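[1] got a predicted structure plus its sequence, pasted below:
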Amino acid sequence: MPKVSVIMNCLNGKRYLRKAIDSVFAQTFDDWEIIFWDNASTDESGEIARSYGDRLRYFRSERTYSLGKARNLAFAQARGDLIAILDVDDVWLPNKLEKQVELFNRNPQLCMVFSNFIFFNEDGDKSDMFKFSKPMRGRIFGGLLRNNFISTGAMVYKKSILESMDYIFDDGFTVAMDYDLSLRIAYYYEVDYVDEPLSKWRMHRESESSKKRLLIPQESLKMLEKLIKNLPGMEERFEEEIKDFKKKVNYQYAIAEWNNGNKKIAKNYLKPHLNNRKFLITFILMHILSLNQFENLKLKLKYLLR
C-alpha cells in the first residue's frame, strides 16, 4: 500500500489540471497514489486524468456534490497512512512530500504537518506566506483561531487521526470546511511545520460574487458556534482568541458589504473598532490602497482574513 494518498477533487478543471497532476508525478518521494474524484465534470477533465495510468485511481460521481462531500467520498478510497490534498488549480514543488513525510517519521505523535507556500497567478510568483514571520508549531489552536494561516494544499494529515473523528469535512460548509478541519485537529493534537515553500496557491483574478463574499463571515460564525459546542472547554480556555475571531468576522462583513457597494452597512460593522488602529490600518491596506508595492501585503492579508 502507498504511504501517501493524494486527494484531488475536480469539477471542470481542465485548464490547470495537467500542471497539478504533473507536480505530483514530479515528487522526489515516490510512494504515493492519487485518488482523483471527478465531481461529474462536463469538460475533458476525466480524459486528462485517466491518461496518467494506474497510479491515478479515477472515480466519478453520478451527480455533482458539494466539495466537502466529494472530498469525504474520495477519502473513503484512500489507502495511504498519510493524506495530502491538492486542488486542481494549485501545484506542488518537487520535494513537498519528501520533506513532510520526514517529519512524520521523526515524530509519530504528529497529526498534521504544513509548510510555507507561494502565492501565484498568471503573471508568476508573487510572494510566500511566511517570508517575514514564522508560524507556530506544536499546539497552535489559539493562533490558528485568530488567523487562518494554513493552506490546504500545504498540509499532510495522518489518516488514522482523520478516521477517528466524527466527521472529516463538514459538507454543510462551502468556504469554511478546510479551516474547520484544521481547527478541530489542532485543538487536540500537535502540528509541525516545514520552514520552506513546498506548494503554490493560485490567486484567481475573477471577481468574487457578492453572495460568496458574504458566505465567508456567515460560515465563520457558524463554524465558531459549532466549535464552541463540540470542543470541551474551548470557550473558557480561549476567551481572548474568540473575541479576536469575532472582530475578524466583523472585518469580513465590512469588506463584503463595502465591495458590494453597501458602504453605510460596512461602516456600521467598523464602528465598534474605530479605536482599534491595527484593525483600521488593515482595512485601509486591503481595500483603499492599490499601489503595486502593496500588492504582496494585500495578498497575505486577504488570505489571513478570509
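    Yes, it's here. Numbering: from 1, shown residues only.
[2] how close does residue 81 get to residue 108?
    Separation of residue 81 from residue 108 (C-beta to C-beta, to the nearest Å): 11 Å. Every residue, glycine included, has its C-beta placed from N, CA and C.
[3] more neighbours, the two?
    Taking neighbours as other C-beta atoms under 10 Å, residue 81 and residue 108 compare with residue 81 leading, 16 against 7.
[4] OK, contacts around that one?
    The neighbourhood of residue 81, defined by C-beta atoms under 8 Å, 6 or more residues apart in numbering, consists of 1, 3, 4, 158, 159, 160.
[5] the fourth one: neighbouring residues, count only.
    This means residue 158. By other C-beta under 10 Å, neighbour count at residue 158 equals 20.
[6] same deal with the last one?
    When counting by other C-beta under 10 Å, one arrives at 10 neighbours for residue 160.
[7] residue ranges in the stretch 51-200 of the chain under the pLDDT threshold?
    Across the stretch 51-200 of the chain, the ranges flagged by pLDDT under 70 are 125.
[8] ok, which stretches of it are strands?
    Secondary structure of the stretch 51-200 of the chain (DSSP state E, counting those that start in this stretch): strands located at 56-60, 82-85, 91-92, 110-121, 124-128, 156-158, 190-202.
[9] so which of the contacts of residue 81 comes closest to residue 196?
    Set against residue 196, the nearest of the contacts of residue 81 by C-beta to C-beta is residue 4 (18.6 Å).
[10] pretty sure that closest one contacts residue 79?
    No - contact criterion C-beta atoms under 8 Å: residue 4 and residue 79 do not qualify, at 9.9 Å.
[11] more neighbours: which of these two?
    Comparing residue 4 with residue 79 by neighbour count (other C-beta under 10 Å), the higher total belongs to residue 4, at 25 against 13.
[12] contacting residues around the more buried one?
    Counted by C-beta under 8 Å, 6+ apart, residue 4 has contacts 29, 31, 32, 33, 80, 81, 82, 83, 84, 97, 101, 156.
[13] hmm, back to that, out of the strands of the stretch 51-200 of the chain, which is closest to residue 262?
    Using C-beta to C-beta as the measure, strand 110-121 is the one of the strands of the stretch 51-200 of the chain that comes nearest residue 262, at 27.9 Å.
[14] how far off strand 190-202 does that closest one point, in degrees?
    Strand 110-121 and strand 190-202 are oriented at 20 degrees to each other (axes from the mean of the first three to the mean of the last three C-alpha atoms, to 10 degrees).
[15] tilt between strand 110-121 and strand 124-128?
    Between strand 110-121 and strand 124-128, the angle comes out at 130 degrees (the same axes, to 10 degrees).
[16] what is in contact with residue 4 and residue 79 at once?
    Common neighbours of residue 4 and residue 79 are listed as residue 33 (criterion: C-beta under 8 Å, 6+ apart).
[17] contact partners for residue 61?
    Per C-beta under 8 Å, 6+ apart, neighbours of residue 61: 37, 38, 39, 40, 70, 73.
[18] residue 109 now?
    Contact analysis of residue 109 by C-beta under 8 Å, 6+ apart lists 189, 190.
[19] which phi and psi values does residue 38 adopt?
    Dihedral pair for residue 38: phi -80, psi 110, per degrees, to the nearest 10.
[20] ok, what's across the strand from it?
    According to DSSP bridges, the partner residues bridging residue 38 are residue 10, residue 60.
[21] how about it, what does it touch?
    When contacts are counted by C-beta under 8 Å, 6+ apart, residue 38 touches 10, 11, 45, 46, 49, 58, 59, 60, 61.
[22] the first one touches residue 35, doesn't it?
    No - counting by C-beta under 8 Å, residue 10 stays clear of residue 35, with 11.2 Å between them.
[23] related to what we said a few turns ago, would you show me how to pick out the buried ones of the contacts of residue 38 in ChimeraX?
    Buried residues among the contacts of residue 38 (16 or more other C-beta atoms under 10 Å), as a ChimeraX selection:
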select :10,11,45,46,49,61
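[24] taking the contacts of residue 38, tell me the two that lie furthest apart.
    Comparing all pairs in the contacts of residue 38 by C-beta to C-beta, the longest separation belongs to 11 and 58, at 14.4 Å.
[25] quick one: distance of the helix or strand harbouring residue 36 to the chain centre.
    If you go by DSSP states H and E, residue 36 is part of strand 32-38. In terms of C-alpha atoms, centre = their mean, to the nearest Å, the centre of strand 32-38 is set 18 Å apart from its chain centre.
[26] do the same with stretch 264-273
    Taking mean C-alpha positions (C-alpha atoms, centre = their mean), stretch 264-273 and its chain are 28 Å apart.
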